[in-house]
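Enquirer: got a predicted model here, sequence first, then my questions.
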Amino acid sequence: MKKVAVVGYGNTKFTKDELPIESLLLESTKQVFDTTKNLSQDLIDGVIVSTNDNSKYLGAILSELSGIKPKISHTVEHLCSSGSSAVISGFSYIASGLVDTVLVTGADKIGNPGQILEWDKSRGEYDHPIYWASMFTKAHKRQFNTTDEELALVSAKNHKQAIDNPNAYSHKPYTISEIMNSKNITDDLRILDCSYSCSGSSSVLLASEETAKKFTDEPIWISGIGQKTNSASFTKNELTTLSSSVIAANDAYKMAKITSQEINVAEIHDAFSVCELMAVEDLNFTEKNTSAQYVRNLFNTEDRKINPRGGLIGAGHPLGATGISQIVEITQQLQNKAKKRQISNANIGLIHNMSAAATSSSVLVLKS
Amino acid sequence: MNKFEDELKTGNFVTSECNHCNRIVWPPSNYCDNCFREVNWRKVSENGIIIEFSKKEHDIFCIAEFENKIRIIGKLDTEINMIKPGQIIKLSKCLLNGKNRFFFSLENNQ
């Protein structure tokens, strides 16, 4: 299998603006061309689009708008983890030797149709993500005695970290008390414990080892990948563990030949506060039943190790862009280019991206 | 639309079941997810147990499990302080009106 690197990237600001999906896709693609040395259209072999938008043929449309005539072009949809799934597709085309360079661009509009999985009839009329998030939260409170204050810590930390991310949807700091007293969506969920579906676009350029040096002196290697789909129905899930994430993480660690303790920085899928508490345990950053203390310690010491760009809660969640935006952040961290968000001596980073209440998960390990 | 939705429209909660594998096929599907033979359809037993619950404004919603396998989310007609996971509920009504809707009540004497 050939080695594959991230050699370029682009990221738009995440906003409430209602922009055409094609314009969003083009925006972060343009940034890849603006910021990657020696890049010209004829050097791109593949264009993969990640989105939940209902528009068709977006791989070809983005290629045409960008003047690219790729060998491979198509769209990837996998709800909230469309972005990481598209990057893994691009990785595979290069690793197999089929092509040398792939542009992966993800975008979604505010109000995109990826939030509701209509097929899942088992959710009854309770089909919005707030309902599974409420069940996760209630079950976590029950099993681990998790408090509203501990949940609010996640949101306070991620909103605070998002202030230094120029592309984040939110730049407002919130106190723990403000979060705890924010509007009750349900008895177990406050509005500031939720990520916000918004408009945005993110791109990465992937290249083989032979091609990478043409575009960058600091390639960031995709060294570990794990993916797992347990089901599509939420109601089949366990409620206090993200079991697909556990499996995906173990596979990614094995492929990268690392342990979780070697990871310096991670972007994890905090769709709701409880998801970060679950993920830091399920990715094995901390032991079971210690996640609240782990996050409290990060918050108190201003350690940005988890979700330095602000996570989904702080940065916003344009579904098709999210996984790619997470990869852009970890790439910047490993290149020592994350400015105010920079974690010192970051050599190994992780991306955790999941869909539909963790019925499926993707985990990637990146190395400098 | 499959048999599940046809029946739900008339107020019946049915599941698919594979007689060959002797197992419930859930979520509802026309073919067994193990052997791919055609399924049979039958009514789900009335009683289930509460797996987890929460509340939005005045509505209590819960995941209920029937026959150790079939899980659905529906509205539970009771007071919040009366509920805990593991309690037995009864499916009091189900219908299809744009979305699937399930209504539960607590079984008596709990």
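Expert: Arrived safely, thanks for sending.
Enquirer: when you work out contacts or count neighbours from here on, use the C-alpha atoms and nothing else.
Expert: Will do.
Enquirer: hang on, A:Glu18 packs against A:Leu24?
Expert: No. In this structure A:Glu18 lies outside contact range of A:Leu24 using CA atoms under 8 Å: 9.8 Å.
Enquirer: out of those two, which sits in the busier spot?
Expert: Higher neighbour count among A:Glu18 and A:Leu24: A:Leu24, with 24 against 14, using other CA atoms under 10 Å in any protein chain shown.
Enquirer: tell me the buried residues in the helix or strand that that one is a member of?
Expert: Element membership of A:Leu24, judged by DSSP states H and E, is helix A:21-35. The neighbour-count check on helix A:21-35 (16 or more other CA atoms under 10 Å in any protein chain shown) flags A:Ile21, A:Glu22, A:Leu24, A:Leu25, A:Leu26, A:Glu27, A:Ser28, A:Thr29, A:Lys30, A:Gln31, A:Val32, A:Phe33 as buried.
Enquirer: I'd like the distance between the closest residue to the last one other than its chain neighbours and A:Ala207.
Expert: Leaving aside its sequence neighbours, A:Phe33 sits nearest to A:Leu39 (CA to CA, 6 or more residues apart in numbering or on different chains; 6.3 Å). Counting by CA to CA, to the nearest Å, the separation of A:Leu39 from A:Ala207 is 11 Å.
Enquirer: the more surrounded of these two?
Expert: Higher neighbour count among A:Leu39 and A:Ala207: A:Ala207, with 30 against 16, using other CA under 10 Å.
Enquirer: isn't that one right up against A:Val4?
Expert: Yes. With contact defined as CA under 8 Å, A:Ala207 reaches A:Val4; the gap is 5.7 Å.
Enquirer: what do the two both touch?
Expert: A:Ile94 (CA atoms under 8 Å, 6 or more residues apart in numbering or on different chains).
Enquirer: for chain B, which residues are neighbours of chain A?
Expert: Within chain B, the positions near chain A by CA under 8 Å from any CA of the partner chain are B:27, B:52-57, B:63, B:71-74, B:99-102.
Enquirer: quick check: residues of chain A near chain B?
Expert: Taking CA under 8 Å from any CA as the criterion, the neighbours of chain B within chain A are A:121-126, A:134-135, A:138-139, A:185-188, A:233, A:235-236.
Enquirer: so which of these sit within strands?
Expert: Counted as lying in strands by DSSP state E, out of the residues of chain A next to chain B, are A:Ile185, A:Thr186.
Enquirer: so which of the residues of chain A next to chain B are in helices?
Expert: Members of those lying in helices (criterion: DSSP state H): A:Ser134, A:Met135, A:Lys138, A:Ala139.
Enquirer: would you mind measuring from the second one to A:Ser197?
Expert: Same thing as A:Met135. Taking CA to CA, one finds A:Met135 at 20 Å from A:Ser197.
Enquirer: over to the first one?
Expert: When CA to CA is applied, the distance between A:Ser134 and A:Ser197 equals 17 Å.
Enquirer: which parts of the stretch 1-150 of chain A are helices?
Expert: Taking DSSP state H, counting those that start in this stretch, the helices of the stretch 1-150 of chain A run over residues A:21-35, A:58-66, A:82-95, A:129-144, A:148-162.
Enquirer: could you chop chain B up by domain?
Expert: B:3-43, B:47-106 (automatic domain parsing).
Enquirer: same list, the ones you listed, but as JSON lines with distance to A:Ile225 please.
Expert: Shown next, in JSON lines, are the domains of chain B (distance: least, CA to CA, whole Å):
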{"stretch": "domain B:3-43", "distance to A:Ile225": "28"}
{"stretch": "domain B:47-106", "distance to A:Ile225": "32"}
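Enquirer: show me where chain B has helices.
Expert: Going by DSSP H, chain B shows helices at B:3-9.
Enquirer: now for the buried residues of helix A:21-35: which two are most distant?
Expert: The most widely separated members of the buried residues of helix A:21-35, counting by CA to CA, are A:Ile21 and A:Phe33 (18.9 Å).
Enquirer: what number of residues lie near B:Asn22?
Expert: B:Asn22 has 8 nearby residues by other CA under 10 Å.
Enquirer: over to the one 5 residues further on?
Expert: One way to gauge burial is a neighbour count; for B:Pro27, by other CA under 10 Å, it gives 21.
Enquirer: for B:Ile49, which non-adjacent residue is closest in space?
Expert: Closest to B:Ile49 by CA to CA, 6+ apart is B:Ile88, at 4.5 Å.
Enquirer: want to throw the domains of chain B into a markdown table with mean pLDDT?
Expert: Listed next are these as a markdown table, based on pLDDT from 0 to 100:
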| stretch | mean pLDDT |
| --- | --- |
| domain B:3-43 | 96 |
| domain B:47-106 | 94 |
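Enquirer: which of those sits most buried?
Expert: domain B:47-106 (a mean of 19; mean count of other CA atoms under 10 Å in any protein chain shown).
Enquirer: if I look at A:Ile88, how far off is chain B?
Expert: Distance, A:Ile88 to chain B, by CA to the nearest CA, to the nearest Å: 27 Å.
Enquirer: and the pLDDT for that residue?
Expert: According to the prediction, A:Ile88 has pLDDT 98.
Enquirer: partners of the nearest residue to it once chain neighbours are set aside in the sheet?
Expert: Once flanking residues are discounted, A:Ile88 sits nearest to A:Ile225: 7.7 Å by CA to CA, 6+ apart. Listed by DSSP bridges, the beta-bridge partners for A:Ile225 are A:Leu364.
Enquirer: you'd agree A:Ile225 is up against A:Lys257?
Expert: No. The criterion here is CA under 8 Å, and A:Ile225 misses it with A:Lys257 at 11.1 Å.
Enquirer: who's in contact with A:Asp148?
Expert: A:Met180.
Enquirer: what bridges to the spatially most central residue of chain B?
Expert: Centroid check for chain B by CA atoms, centre = their mean gives B:Ile72 as the closest residue, at 4.6 Å. Beta-bridge partners for B:Ile72, by DSSP bridges, are B:Ala64.
Enquirer: any idea how far B:Pro85 is from it?
Expert: Distance from B:Ile72 to B:Pro85, by CA to CA: 14 Å.
Enquirer: contacting residues for residue 30?
Expert: All of this is about chain A. By CA under 8 Å, 6+ apart, A:Lys30 lies in contact with A:Gly10, A:Ser66.
Enquirer: you looked at the wrong chain, it should be chain B
Expert: B:Asn30 touches B:Asn2, B:Ser16, B:Glu38, B:Val39, counting by CA under 8 Å, 6+ apart.
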